[in-house]
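K.L.:
predicted model and sequence follow; I will ask about them next.
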2 protein chains.
Amino acid sequence: MSVEHNLLNYLIAPNPKAARLTRVVQGVDHDGRATDISVVEERPLTIFLNGQEIVTAMTIGDYPEYLAVGFLRNQGMLADDETVKGVEFDEELETVVVRTDGQTSYEDKLKKKTRTSGCAVGTVFGDMMEGLEGVTLPDLPVKTSELYALASLINRTPSLYLEAGAIHGTVLCQGDRPLVYMEDVGRHNAVDKIAGWMHMEGVPAHDKLLYTTGRLTSEMVIKTAMMGIPALASRSGFTAWGVEIAREVGLTLIGRMRGKRFMCLSGDARLIRDADPDSVAEEGRKHRRKGAGP
Amino acid sequence: MSVEHNLLNYLIAPNPKAARLTRVVQGVDHDGRATDISVVEERPLTIFLNGQEIVTAMTIGDYPEYLAVGFLRNQGMLADDETVKGVEFDEELETVVVRTDGQTSYEDKLKKKTRTSGCAVGTVFGDMMEGLEGVTLPDLPVKTSELYALASLINRTPSLYLEAGAIHGTVLCQGDRPLVYMEDVGRHNAVDKIAGWMHMEGVPAHDKLLYTTGRLTSEMVIKTAMMGIPALASRSGFTAWGVEIAREVGLTLIGRMRGKRFMCLSGDARLIRDADPDSVAEEGRKHRRKGAGP
């Protein structure tokens, strides 16, 4: 299948030509030549839950509604049984307000945030670990042929990364099909936008795999598990705690995916090795995406 | 000069063999072979200022005292004229307490944090922008020969990155000499550890350059400017806001440094182009460090 054909299959794909997401700036290169380059935007977005200001995130600025809902979901501030009545984005004020039906537990949560929020890894950690208690993810078989197909397709998809760099991507996948490809300056924002899309569109998680360009830290593993997604794959490397949590909750964890190579550090028994690694082409130079780790 | 000779010149270099910083975990590779790999640790560290709990950071765990002091400095919670009376790290409790002489402004700051802290980029953003008002960095000439020498030496320095990946590095440099090379799971922690070292050792900033493996986001640019360091260089790419702030405060900003190539997006007039780019060797494959951007 051609890239073009497969791209038609995305429900949401990156829009690298969107005017609001990148800016051309003039610089000087190593030879002293004035050169125009494209760089990604980064702007504040303040998220409110009903009347309460929750957080200010730095984001490229697309899909603010999904980002807000996904952030609140992944922080445990928006329960399964709570109905989102409305989400209002105000571009000028750089705010997004999520309105719910019932009484939410945000006041308790906010108190906890004051005490434990780190800003050091982008999460309210106390809350997130708490949300994981008792989580066991469904057994999803993952075919290596699907992994290879996804990686190849995602790498070749036109993206802000290929246009301007300095950005992370996260892709929600089902089988060998990438469904929703979000990018953002912080990888947690890209994941939150996917969580928001899933919640607002009522998309089930049990048969999905999440692909990320970023590292498999405890934060990424926890977010994926909180979303109920049973498999997480990345080009980048692992942290010890990320591996530990993945094993505890039954998350299939695959990292260092480059060409035919990968490492599975959790859930190898759920891998179906139906592809011959030696038949997988090496990555082309242009599409060799870099991650913060070998 | 040999690498070995230059390594003797570091005041602090990475210690990739330190037992506490990495762990060997067993996984399965693409060919189905059981394989041991080394992954970095990631652990919580709760920072106190006198009696007040400030934040919980996720860190690899080395130099907790420098991390705590640097974090407080970069958040504007520890003023120039405040004396650090003591810093106490408790490994078991995973806490570090910074004690100061006078009354600090942390209560005000903490109130602001509750309102604006994002955890979305790892900073208390409201405070940081405020701290930048009126900052103009000193004019530091930067020789391209020094840039090339630093990049080559840093890439070849034994590090946790080369050992286990999934980690960011930041290096404080003077002329062509890297002085202090810190690594951490979050690049902001690596910078904070350098800020803490500078504050506790009384090291001046006006003649230094900061090299980072991470992206040149607004957060990195603000932290560097807050530290009074007039030049920032990286292998990775830029965000638009990072460039804008660098130009406002007079920070020399160099990104996308790979082999002979780089882009200067702020302060090109301060570059002294004394090296012929064509004489610079391409990076060896083993030492080609990846960053989140082209």
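P.N.:
Ah, there it is.
K.L.:
next, name the residue at the spatial heart of chain A.
P.N.:
Using Cα atoms, centre = their mean, the residue of chain A that lies closest to the mean C-alpha position is A:Val191, 2.6 Å off.
K.L.:
in this structure that one contacts A:Asn74, no?
P.N.:
Yes. Using Cβ atoms under 8 Å, A:Val191 is in contact with A:Asn74, at 7.3 Å. For every residue, glycine as well, the C-beta is placed using N, CA and C.
K.L.:
what touches both of the two?
P.N.:
Counting by Cβ atoms under 8 Å, 6 or more residues apart in numbering or on different chains, the common neighbours of A:Val191 and A:Asn74 are A:Lys223, A:Met227.
K.L.:
if we can go back for a sec, against A:Thr224, how distant is the residue nearest to the centre of chain A?
P.N.:
Here the distance between A:Val191 and A:Thr224 works out to 7 Å (Cβ to Cβ, to the nearest Å).
K.L.:
distance check, A:Ile12 against A:Ser218.
P.N.:
From A:Ile12 across to A:Ser218, the span is 27 Å (Cβ to Cβ).
K.L.:
equivalent analysis for A:Ala190, please.
P.N.:
From A:Ala190 to A:Ser218 the distance is 17 Å (Cβ to Cβ).
K.L.:
and for A:Leu132?
P.N.:
For A:Leu132, the distance to A:Ser218 - Cβ to Cβ - is 10 Å.
K.L.:
how about A:Thr100?
P.N.:
28 Å.
K.L.:
what does A:Asp80 give?
P.N.:
In this view, A:Asp80 and A:Ser218 are 23 Å apart by Cβ to Cβ.
K.L.:
those two - which one has more neighbours?
P.N.:
A:Ser218 (25 against 7; other Cβ atoms under 10 Å in any protein chain shown).
K.L.:
show me what contacts the more buried one?
P.N.:
By Cβ under 8 Å, 6+ apart, the contact list for A:Ser218 reads A:Val121, A:Thr239, A:Trp241, A:Gly242, A:Ile245, B:Glu42, B:Met58.
K.L.:
got TSV for these, with distance to A:Lys17 too?
P.N.:
Shown next, in TSV, are the contacts of A:Ser218 (distance: Cβ to Cβ, whole Å):
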residue	distance to A:Lys17
A:Val121	32
A:Thr239	35
A:Trp241	39
A:Gly242	34
A:Ile245	38
B:Glu42	37
B:Met58	36
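K.L.:
helices and strands of chain A: which one has the lowest mean pLDDT?
P.N.:
Within chain A, no helix or strand scores below helix A:106-116, which has a mean of 48 by mean pLDDT, DSSP states H and E.
K.L.:
which neighbours do A:Leu132 and A:Ser218 have in common?
P.N.:
Contact criterion Cβ under 8 Å, 6+ apart; residues bridging A:Leu132 and A:Ser218 by contacting each: A:Ile245.
K.L.:
now, which of the contacts of A:Ser218 lie within helices?
P.N.:
A:Trp241, A:Gly242, A:Ile245 (DSSP state H).
K.L.:
number of residues surrounding the first one?
P.N.:
For A:Trp241, the number of neighbouring residues by other Cβ under 10 Å comes to 22.
K.L.:
that one reaches B:Arg43, doesn't it?
P.N.:
Yes. The criterion here is Cβ under 8 Å, and A:Trp241 meets it with B:Arg43 at 7.1 Å.
K.L.:
I'd assumed B:Asp29 was in contact with A:Asp268.
P.N.:
No. Checked against Cβ under 8 Å, the pair A:Asp268 and B:Asp29 is beyond contact range at 9.8 Å.
K.L.:
between these two, tell me which one has more neighbours.
P.N.:
A:Asp268 (19 against 16).
K.L.:
for that one, give its distance to B:Gly32.
P.N.:
As defined by Cβ to Cβ, A:Asp268 lies at a distance of 8 Å from B:Gly32.
K.L.:
can you give me the helices for chain A?
P.N.:
Under DSSP H, chain A gives helices at A:3-7, A:64-74, A:106-116, A:125-132, A:144-156, A:160-164, A:187-201, A:218-226, A:240-249.
K.L.:
and these as a markdown table, adding distance to B:Arg156?
P.N.:
A markdown table is the format used below for these (distance: least, Cβ to Cβ, whole Å):
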| stretch | distance to B:Arg156 |
| --- | --- |
| helix A:3-7 | 38 |
| helix A:64-74 | 40 |
| helix A:106-116 | 39 |
| helix A:125-132 | 35 |
| helix A:144-156 | 28 |
| helix A:160-164 | 27 |
| helix A:187-201 | 28 |
| helix A:218-226 | 30 |
| helix A:240-249 | 26 |
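K.L.:
where among those helices is average confidence lowest?
P.N.:
Here the lowest mean pLDDT among these goes to helix A:106-116, at a mean of 48.
K.L.:
which residues are in contact with each of A:Val191 and A:Thr224?
P.N.:
Here A:Val191 and A:Thr224 share the contacting residues A:Leu210, scored by Cβ under 8 Å, 6+ apart.
K.L.:
count of neighbours near A:Ser159?
P.N.:
Applying other Cβ under 10 Å, we find 21 residues neighbouring A:Ser159.
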